[in-house]
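> Please find the sequence and the predicted model below.
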Amino acid sequence: MPTRTGVGTEELRRTNLCAILQTVHTHGPTTRAVLTKQLGLNRSTIGALTGELQALGLVSEETAAVGGRSGRPSHLVVPRADNVVVAVDLGVDRIAVALVGLGGEVLERHNRTHQRGEHDVDHVVDAVAQMVGDVLADRSGLRCLGIGVSVPGAVRASDGLVRFAPNLGWVEEPFTDLLAKRLGLRVSTGNDANLGVLAEHLRGAAVGYSDVTYLSASVGIGGGFLIGGRPLAGSTGYAGEVGHMQVDSHGPVCRCGAVGCWETKVGENVLLRSAGRLSGGGPPAVAEVIAAAEAGEERAAEAVAKVAEWCGVGIRAIINLFNPEVVVLGGCLAQVWRAAEDQVNEAMSRSKLMSPREDVVIRSALLEDSPLIGAAELAFAPVLEHPQAVLAVI
């Protein structure tokens with residue numbers, strides 16, 4: 001029988017189950033008393049719902065005196081970390097794989113480098129499948145809820161098809177289906193920046209903010225956005241490709257075929273080439289250039305200043321477009337921001353910001369690998385949204 005709000009009893013129960021599970025997954029062990037207060041439910045309802053989550057094997061309960069005081073103990077609801085997912089971050093020069101338990105703890109992590117020319121989709125599927133198999137080997141007693149993959153490209157929301165990933169050389173690649181068939185597990189794939197903004201919102205530098213921009217640069221630039229706390233995906237999942245926003249009509253030709261894209265002005269390879277270094281090498285190589293600039297090496301200093309200027313140009317355009325509360329920077333962008341914040345701000349101030357500069361917080365990402373953590377959240381999502389879906393996991 002529908003409630004007065006028109007929500008069916010079963011739907012309301014599932015919504016409350018989700019709320020409890022999401023709370024303990026995101027915030028860790030939480031007392032029943034806190035859950036009662038936060039969710040506005042009575043103690044008996046909280047007790048029944050946590051009992052159901054226990055029966056599903058998703059949480060356990062512990063008892064402890066609150067604040068060390070004597071008297072009635074508090075029931076602590078704890079996410080069970082033997083429910084795991086495998087998160088994969090597929091980069092241009094390396095693959096990262098992590099085993100993550102319910103509650104967000106990274107239990108194990110491995111990296112593998114790969115060379116240019118090793119981006120053939122079948123080769124990548126083989127490599128990822130081997131790494132996933134290794135991380136799950138000899139893990140009896142764990143329940144794997146699925147695989148989440150972060151990809152530096154446009155991913156179709158409906159089926160995980162990688163529509164376009166120019167830095168991998170992929171066009172219309174059915175990577176998600178191929179990996180799922182190879183592993184025999186549910187695989188969910190998302191754009192790296194979209195997963196980065198999710199991770200930073202839940203566990204990083206954007207906790208407490210509803211309008212968030214996440215920008216990260218390695219070889220290319222990715223942008224992920226939350227608008228009013230909800231992901232900006234577009235009609236088919238391709239929104240946010242800010243790396244291919246034109247910033248210089250007389251600039252170089254981009255890998256995508258356009259002229260003067262933002263990622264031709266900002267990124268690891270741009271900085272390294274400008275500083276006279278070989279491309280590649282990732283964050284350590286960028287850090288070396290920044291250290292050389294700070295030590296007085298003229299060419300390195302000019303390279304950092306040039307990239308910082310184009311960082312400011314792009315960030316200014318994005319602030320005007322999306323009016324975020326906070327801009328979180330990852331990868332090379334974060335490194336340049338920390339080294340040349342004044343130069344970035346100077347470039348931003350050369351033309352009008354619609355939102356006053358003091359209304360926008362710009363900060364570095366808090367998480368070491370935001371897209372990897374976001375990939376784990378993507379894999380957990382079906383069970384967090386429908387806890388009884390765990391019964392379908394073999």
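Looks like it arrived, so ask away.
> Leu329 reaches Ala365, doesn't it?
Yes. In this structure Leu329 lies within contact range of Ala365 using C-beta atoms under 8 Å: 6.5 Å. Every residue, glycine included, has its C-beta placed from N, CA and C.
> can you give me the strands in the stretch 1-150 of the chain?
30-31, 59-64, 74-79, 83-90, 94-101, 106-113, 143-151 (DSSP state E, counting those that start in this stretch).
> State the three-state secondary structure for Leu321.
helix (DSSP: H, G, I helix; E, B strand; the rest coil).
> ok, it to Thr113 distance?
35 Å (C-beta to C-beta, to the nearest Å).
> Go ahead and confirm Ser349 touches Arg357.
Yes. Using C-beta under 8 Å, Ser349 makes contact with Arg357 at a distance of 7.0 Å.
> still on that earlier bit, name the residues contacting each of Leu329 and Ala365.
Contact with both Leu329 and Ala365 is made by residues Ser216, according to C-beta atoms under 8 Å, 6 or more residues apart in numbering.
> Tell me the pLDDT of the closest residue to Thr113 other than its chain neighbours.
Counting by C-beta to C-beta, 6 or more residues apart in numbering, Arg94 is the residue found nearest to Thr113 once chain neighbours are left out, at 4.8 Å. Among the per-residue scores, Arg94 holds a pLDDT of 89.
> Could you pull up the contacting residues of Arg94?
Asn111, Arg112, Thr113, His114, Gly282.
> just checking, Ile290 is part of a helix?
Yes. According to three-state DSSP, Ile290 belongs to a helix.
> any idea how far the closest residue to Leu35 other than its chain neighbours lies from Gly40?
Leaving aside its sequence neighbours, Leu35 sits nearest to Ile46 (C-beta to C-beta, 6+ apart; 5.2 Å). Using C-beta to C-beta, Ile46 is found at 10 Å from Gly40.
> If you count surrounding residues, which of the two has more?
Remark: of Ile46 and Gly40, Ile46 carries more neighbours, 23 against 10, as counted by other C-beta atoms under 10 Å.
> Distance of Ala233 relative to Ala48?
35 Å.
> cool, and Glu105?
Counting by C-beta to C-beta, the gap from Glu105 to Ala48 is 27 Å.
> thinking again about what came up before, kindly state the pLDDT recorded for the residue nearest to Leu35?
Ile46 is assigned a predicted lDDT (pLDDT) of 93.
> Can you name the residues that contact it?
Applying C-beta under 8 Å, 6+ apart, the residues near Ile46 are Ile20, Arg32, Leu35, Thr36, Leu39.
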